[in-house]
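# quick one: sequence plus predicted model below, questions after.
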Amino acid sequence: MSSVASSEVKRSKVEQIKADSHFLRDPLLEEVGQDTTHFSEAAVQVLKFHGTYQQDDRDLRQQRRQEGQERAYSMMLRTRIPGGHVAPQLYLTLDRLADEYGNGTLRATTRQTFQLHGILKKDLKVTLATILKQMGSTLAACGDVNRNVMAPVAPYKNRPAFRYAQEYARKLADLLAPKTSAYYEIWVDGEPIPIPPMDEEVKAAEAFVGHGVRLEGPEPLYGPVYLPRKFKSAIAVAGENSVDVYSQDLGLIVLTDRKGQLKGFNIVVGGGMGRTHGKEETEPLLAQKLCFAPPESVYKVCQAILAVQRDHGNRWDRKQARLKYLVRDWGIRKFRRVVERYLGEKLQRSRPLPKFAPNSDDYLGWHEQGDGRWFLGISIENGRIQDTAGQQLKTALRRITETFALPLRVTPTQDVLIVDIEKQQRDAINQILKSCGVPCKEEIPQIVRLSMACPALPTCGLAITESERALPTLIRRLDQLLQELGLQDAPFLVRMTGCPNGCARPYLAELGLVGSAPDHYQVWLGASPRGDRLAQVFQERVHIDAIVPLMRSVLQVYKQERYPQEAFGDYCHRVGIPYLQAQVQALPQEVTKV
Ligand code: SRM
Ligand code: SF4
């Protein structure tokens, strides 16, 4: 379409790399087989579409530089798991690969996937091929394409909306997946491998041509330069927003009738978290209401939305290239008009929706799933599955999966559910967890269970400061503070990131801590616990040791002034950030200083 052509004029470096890659092949195909420790810059960009990031151990960077050695390179590998649903054999494969080629840990991510860290370049092909042969995939887990599609994890068999959300997460993932054969050529040398068959409905929907939605060539939806930037989608259920649907480029909300029949989806567009400190033009934004789509037209609408971003998204400044900026700059009305032009028909108005419930049900512990079987939610602190001196979490999950061959689901908050458990298996599962020292739900304070941190140091190349390694101590201090203040009945969502990119969605947390300098964090308050209102900056640069004293002063005021049952985020929003800042300033200096 025309703006793809016009963006050729001054497209960014990554655009050129994508164009030269011949549908995600070059220069990766050649470099994979080379005896080197790392990939070239161009291959690194292409590699992302294949689900892999090149990283280096940042703890060792300085020392290695001083010793004249190159960086300690390794690869992070991210799987694509629509709705977070993982078959037992795939889980066992990932568990084994983490030990054999990775750093011995698995990481459940905020988008319901698993990551392996620490894989050396020489082992990348065997690791990836092994995943592929177990019907797993990493294609499009990263890169400028539709990423892992999220959906609520609860496997309720008697609540059809949850089943539809999982079903359509899989369908949407298939519909919007890249079609290049490069993935199989590179990682399994084109060898035929078992691939889950594509749903007939999705196959039929793929043929949609609309007004130029599909292009000539091997990638009819994406074309040779794919999207201007990453694209994220999720499916929520009316009343349940564990996926943070308003943080997505494309969000679908399942609507059912009284009998549980699928009526269709409300569609929201243009959400996103990422920003850069000091660059006002970058900002977290909530997705806006676009339309309602019945099941028979939802695929067309989703493809049209993606095609509008493909053709009109910013291809010269990657910091302005997400769909959220197109929607912001055009306004939702113009965006809707252009989508309608691509569709060749009018969009239907969004349907009324009930308010989302607070995101305080993490589905941890034991629950009946509505068909006589059970599911068990296990808290994974900051998503890291590993064996430590006090807790053999990785061993426990492996033993349970080996013994009972049960599927797992990764939650949007970095936890794991084991599903389809027969009643008679419960005792043995409890016994395995106990013998491995894995605490049950009741033994973990709720503020700890609800919190999230991104990986940050030492693996993330963009981290400004610590996150996953810093939050465990801080969150326990915050828990202690709640108890001291008699506020243990009012835990709130705490999310920490090592930089402003927002990987743990901190701008939708009631307390968001965003790395701004080594050991310092920007403090955000006032988001809604329902994931439908963003937080605002409360303090710019707070040393990690000053966070608890700062929060003490805020929570004291909250305790005195909150309405009955008023959530912390809602209170902060009601009284406003300037009011809270004034309260903190009014306190003695020693309370707020580092
Ligand atoms: Fe993220 C980049 C980790 C969810 C926004 N993210 C990265 C990279 C790959 C760093 C890099 O580019 O070199 C991080 C790898 C760290 C590591 O060592 O693993 C990284 N992001 C993660 C994960 C693992 C965090 C976690 O704690 O689980 C999440 C993986 C999700 C997945 O399975 O697909 C993860 N990232 C998110 C989310 C949350 C979400 O999608 O719901 C966001 C905010 C939502 C959004 O995209 O707007 C997010 N990550 C970013 C950004 C900023 C994008 C932007 O629009 O500005 C970057 C940097 C970039 O793209 O340039 C980034
Ligand atoms: Fe890295 Fe920043 Fe994402 Fe954390 S938020 S994983 S530091 S990019």
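Sure thing, it's come through. Ligands and ions are numbered 1, 2, ... in the order given.

# count of neighbours near the nearest residue to Asn146 once chain neighbours are set aside?
Leaving aside its chain neighbours, Asn146 sits nearest to Leu176 (3.7 Å; criterion: Cβ to Cβ, 6 or more residues apart in numbering). C-beta: built from backbone N, CA, C; applies to glycine. Per other Cβ atoms under 10 Å, the neighbour tally for Leu176 reads 24.

# residues contacting Leu176?
Val145, Asn146, Val149, Leu221, Phe231, Ser233, Cys302, Gln303, Leu306 (Cβ atoms under 8 Å, 6 or more residues apart in numbering).

# relative to ligand 1, how far out is the fifth one?
Which is Phe231. According to Cβ to the nearest ligand atom, to the nearest Å, Phe231 and ligand 1 sit 9 Å apart.

# pretty sure that residue sits against Leu250.
Yes: counting by Cβ atoms under 8 Å, Leu250 is a contact partner of Phe231 at 7.1 Å.

# what touches both of the two?
Listed as contacting both Phe231 and Leu250 by Cβ under 8 Å, 6+ apart are Asn146, Leu306, Leu323.

# from these, which land in helices?
The helices, defined by DSSP state H, take in Leu306, Leu323 from the shared contacts of Phe231 and Leu250.

# which of the shared contacts of Phe231 and Leu250 sits closest to Tyr342?
Leu306 (9.7 Å; Cβ to Cβ).

# count the neighbours of the closest one for me.
By the measure other Cβ under 10 Å, the count of residues near Leu306 is 25.

# so the spatially most central residue of the chain versus Glu484, what's the distance?
Centre of the chain computed as the mean C-alpha position; nearest residue by Cα atoms, centre = their mean is Arg111, 2.6 Å away. As judged by Cβ to Cβ, to the nearest Å, Arg111 and Glu484 stand 35 Å apart.

# now do Val410
In terms of Cβ to Cβ, Val410 sits 34 Å off from Glu484.

# which of the two has more neighbours?
Higher neighbour count among Val410 and Glu484: Val410, with 30 against 11, using other Cβ under 10 Å.

# burial measure for the closest residue in space to Cys142 that isn't next to it in sequence, as a count.
Spatial nearest neighbour of Cys142, chain neighbours left out: Lys48 (4.2 Å); criterion: Cβ to Cβ, 6+ apart. When neighbours are counted by other Cβ under 10 Å, Lys48 registers 20.

# could you point out which element follows the helix or strand where Lys48 lies?
Element membership for Lys48, per DSSP states H and E: helix 41-49. For helix 41-49, the following helix or strand on the C-terminal side (DSSP H and E) is strand 52-56.

# near ligand 1, which residues of the stretch 401-550 of the chain are found?
Contacts of the stretch 401-550 of the chain with ligand 1, taken as Cβ under 6 Å from any ligand atom, map to Cys454, Pro455, Thr459, Cys460, Gly461, Leu462, Asn501, Gly502, Cys503, Ala504, Arg505.

# generate a ChimeraX selection restricted to the buried subset of those residues.
Selecting only the buried entries of these in ChimeraX, with 16 or more other Cβ atoms under 10 Å as the criterion:
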select :454,455,459,460,501,502,503,504,505
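
# between which two of the residues of the stretch 401-550 of the chain next to ligand 1 is the distance greatest?
Gly461 and Arg505 (20.0 Å).

# any idea how far Ser528 is from Phe356?
Computed with Cβ to Cβ, the distance linking Ser528 and Phe356 is 9 Å.

# skipping its backbone neighbours, what lies nearest the residue in the stretch 251-400 of the chain that ligand 1 sits nearest to in space?
Nearest to ligand 1, among the residues of the stretch 251-400 of the chain, is Gly274, at 2.1 Å (Cβ to the nearest ligand atom). Distances taken as Cβ to Cβ, 6+ apart put Asn501 closest to Gly274, at 4.9 Å, once the chain neighbours are dropped.

# tell me the secondary structure for Phe538?
For Phe538, the assignment made with DSSP: H, G, I helix; E, B strand; the rest coil gives strand.

# Val308 - how many residues pack around it?
Neighbours of Val308 (other Cβ under 10 Å): 24.

# ok, Asn266 - contacts?
So Asn266 contacts Leu252, Ile253, Leu255, Lys289, Cys291, Phe292, Ser350, Arg351, Leu353 (Cβ under 8 Å, 6+ apart).

# buried subset of those residues as a ChimeraX selection?
Restricted to buried positions by 16+ other Cβ under 10 Å, the ChimeraX selection for these reads:
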select :252,253,255,289,291,292,350
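
# strands - which of the contacts of Asn266 land there?
Among the contacts of Asn266, the members found in strands (DSSP state E) are Leu252, Ile253, Leu255, Lys289, Cys291, Phe292.

# which residues in the stretch 151-300 of the chain form helices?
For the stretch 151-300 of the chain, the helices defined by DSSP state H, counting those that start in this stretch cover 160-175, 182-188, 200-206, 298-312.

# over to the stretch 1-150 of the chain?
Going by DSSP H, counting those that start in this stretch, the stretch 1-150 of the chain shows helices at 2-7, 13-20, 28-32, 41-49, 61-66, 88-100, 121-133.

# can I get those in a markdown table with mean pLDDT?
Shown next, in a markdown table, are the helices of the stretch 1-150 of the chain (pLDDT from 0 to 100):
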| stretch | mean pLDDT |
| --- | --- |
| helix 2-7 | 44 |
| helix 13-20 | 97 |
| helix 28-32 | 97 |
| helix 41-49 | 98 |
| helix 61-66 | 97 |
| helix 88-100 | 98 |
| helix 121-133 | 97 |
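
# nearest to ligand 1, of those helices?
Minimum separation from ligand 1 across those (Cβ to the nearest ligand atom) falls at helix 41-49, 8.0 Å.

# remind me what that closest one packs against, helices and strands.
helix 13-20, helix 28-32, strand 52-56 (3 or more Cβ pairs under 8 Å, 6 or more residues apart in numbering; DSSP states H and E).

# now the first one: buried residues?
Yep, that's helix 13-20 we're talking about. Val14, Glu15, Ile17, Lys18.

# dump the residue contacts of the residue nearest to the centre of the chain.
Arg147, Asn148, Met150, Lys232, Pro412.

# for Pro88, state which of these is nearest.
Within the contacts of Arg111, the smallest distance to Pro88 is 19.4 Å, found for Asn148 (Cβ to Cβ).

# shouldn't that closest one be in contact with Ala141?
Yes: in this structure, Asn148 is within contact of Ala141 by Cβ under 8 Å, at 6.0 Å.

# between these two, which contacts overlap?
Contact criterion Cβ under 8 Å, 6+ apart; residues shared by Asn148 and Ala141: Arg80, Thr113.
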